[in-house]
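**Q** Pasted the sequence and its predicted model underneath.
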Amino acid sequence: MIQRSGKVAKSVIIAGTNSNTEMIAENLITSAVLPLQTSDTGKYSLEVMENFNVRHLPIVNDRQLLGLIGEDDILVHNIHEPIGSYELSLKKPYVKKNDHLYEVMRLLADQQLTVIPVIDEDGNYMGMIARRCAELFCENGSF
């Protein structure tokens, strides 16, 4: 288990969210992985990535999406420093909650991402979609 300021992130299988099988981003959000905060260290971020078998995670302040950090971004910095002090190499990729699964898959593939953040119509962070979940949904039509 990984601990952040008294909170525990448990290792769970990333799975779908609700029973609505409409192929839009909002219905593909995973609740298994929490986003990072600017106060999290690089070391903690790498542990979360390893635990959930992803190479990227969103950084969120309250409900505001600040960006997406990758393993490479962390490894060129001091891993004991907060990630809020890091310069990020990735632009701020995201999908909107009503974007179709095909747009989600296109962005994941084009930018070689393992997760993509989802935002609402006001630009607030809603959650993330793991590439594995999107691929499973494409293969099976559900999770």
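**A** On my side now, so go ahead.
**Q** And for Ser39, nearest residue in space, chain neighbours not counted?
**A** Pro82 (5.2 Å; CB to CB, 6 or more residues apart in numbering). (Each C-beta comes from the backbone N, C-alpha and C, glycine too.)
**Q** Isn't the one you found up against Leu36?
**A** No - taking contacts as CB atoms under 8 Å, Pro82 lies outside contact range of Leu36: 9.9 Å.
**Q** okay, the host helix or strand of Val104 in PDB with CA atoms only?
**A** Under the criterion of DSSP states H and E, Val104 resides in helix 101-110. Written as PDB, here are the backbone C-alpha positions of helix 101-110 (Å, rounded to 0.1, in the frame of the first residue of the first chain):
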ATOM      1  CA  LEU A 101     -14.600   6.700 -27.200                       C
ATOM      2  CA  TYR A 102     -12.900   7.100 -30.600                       C
ATOM      3  CA  GLU A 103     -11.500  10.500 -29.600                       C
ATOM      4  CA  VAL A 104     -10.300   9.100 -26.300                       C
ATOM      5  CA  MET A 105      -8.500   6.300 -28.100                       C
ATOM      6  CA  ARG A 106      -7.100   8.700 -30.700                       C
ATOM      7  CA  LEU A 107      -5.500  10.900 -28.000                       C
ATOM      8  CA  LEU A 108      -4.200   8.000 -26.000                       C
ATOM      9  CA  ALA A 109      -2.500   6.600 -29.100                       C
ATOM     10  CA  ASP A 110      -1.300   9.800 -30.600                       C
END
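**Q** just checking, what packs against that helix?
**A** Judged by 3 or more CB pairs under 8 Å, 6 or more residues apart in numbering; DSSP states H and E, the packing partners of helix 101-110 are strand 95-96, strand 115-119, helix 131-140.
**Q** List the residues that contact the closest residue to Asn61 other than its chain neighbours.
**A** Once flanking residues are discounted, Asn61 sits nearest to Thr38: 6.1 Å by CB to CB, 6+ apart. Counting by CB atoms under 8 Å, 6 or more residues apart in numbering, Thr38 touches 59, 61, 66, 82-84.
**Q** what does Leu88 give?
**A** Applying CB under 8 Å, 6+ apart, the residues near Leu88 are 59, 67-69, 73.
**Q** Sort out which residues of the helix holding Val104 are buried, please.
**A** Residues of helix 101-110 classed as buried by neighbour count (16 or more other CB atoms under 10 Å): 101, 104-105, 107-108.
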